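K.L.:
Based on what follows, work out the 3D shape:
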Amino acid sequence: MKKFLLIVLVACSAVTMRGQQLAVGTDGLMDLMMIPNFGVEIGLGRSHTAERSVLGLHGFGSYHPWGKKVRLLGIQPEYRYFFSGRAMNRWFVGLGGLFTSYDITWAGKVYNGTAFGGGLTFGYVFNVTNRLNIDVHGGFGPIFYSQKEYFEGDFYDVDYQQNGVLTTNAQGYTLLPSRIGISLTYILK
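P.N.:
A predicted model of the protein is given here:
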C-alpha cells in the first residue's frame with residue numbers, strides 16, 4: 001500500500017500547473033463521524049475535454065473515535081468529469097478507488113485487515129461563492145477485503161499461525177458504498 005501511495009502522489013505532482021484549478025477540502029460527514037480527512041483536487045487543463053475534468057486525492061484516518069477500538073487509514077483517488085463544461089461546477093460522474101487498512105473491534109468481534117476497490121461516483125457541486133463549493137456525492141462498487149476476523153478472547157495467535165506467520169481467515173468481496181459525503185471545498189487557484 002505504501003508503494004501505491006507513493007505512485008499516486010508522484011502522478012499528482014507530475015501534472016503541470018499552468019492555469020489549472022487547485023482546490024482543497026474536507027468531507028463533512030466524515031468529520032461528523034470523527035474521522036479526520038483532507039482532499040486535494042486539480043483541474044486537468046484547458047483543452048476541450050480536460051477543462052471538464054478533475055483529478056482528486058482524498059485521505060482519511062482515525063484512531064479510537066467515540067471511545068471505540070477503531071483504527072482506520074485510507075486513501076481515495078478519483079477522476080471526475082463535469083457535464084457543465086467547467087470543472088468543479090454542477091453535475092459530475094467520477095471513477096474512483098479505495099485503499100484502506102483497518103483494525104476494528106465492534107460488538108465483541110475483531111476485524112483487522114486491508115480492503116481495496118473502486119466504483120462510480122455521482123454528484124453535484126453547488127457554487128456558494130467564486131472560491132467556495134459544497135459537493136454532494138455518492139458512489140458504490142466492489143470492495144475486496146482480506147482480514148483477520150475473530151472474537152475477542154479467542155486464541156487467534158495460536159489457531160491461525162502457519163510457519164510462524166499469522167494468516168488471514170476471511171477474504172472476499174462485496175458491493176458497498178465506495179464514497180458518500182458532503183464536502184466543503186475551497187478553490188485556491
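K.L.:
In the chain, which residue is most central in space?
P.N.:
Taking Cα atoms, centre = their mean, the centroid of the chain lies closest to residue 76, which sits 2.8 Å from it.
K.L.:
Strands of this protein, start to end?
P.N.:
22-27, 37-43, 53-63, 70-82, 90-106, 109-127, 132-151, 161-162, 165-166, 170-187 (DSSP state E).
K.L.:
Columns mean pLDDT on top of those, output as CSV?
P.N.:
What follows is those, written out as CSV (pLDDT from 0 to 100):
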stretch, mean pLDDT
strand 22-27, 94
strand 37-43, 93
strand 53-63, 94
strand 70-82, 94
strand 90-106, 94
strand 109-127, 93
strand 132-151, 92
strand 161-162, 64
strand 165-166, 65
strand 170-187, 91
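K.L.:
before we move on, back to that, quick check, the residue nearest to the centre of the chain in contact with residue 97.
P.N.:
Yes: here residue 76 reaches residue 97: they are 6.5 Å apart, a contact under Cβ atoms under 8 Å. The C-beta positions use only the backbone N, C-alpha and C, and glycine is treated the same way.
K.L.:
Can you give me the separation between residue 136 and residue 66?
P.N.:
25 Å (Cβ to Cβ, to the nearest Å).
K.L.:
Among the two, which residue is more densely surrounded?
P.N.:
Neighbours per residue, other Cβ atoms under 10 Å: of residue 136 and residue 66, the larger number sits with residue 136, 14 against 8.
K.L.:
Can you give me the neighbour number for residue 23?
P.N.:
Residue 23, neighbours per other Cβ under 10 Å, totals 23.
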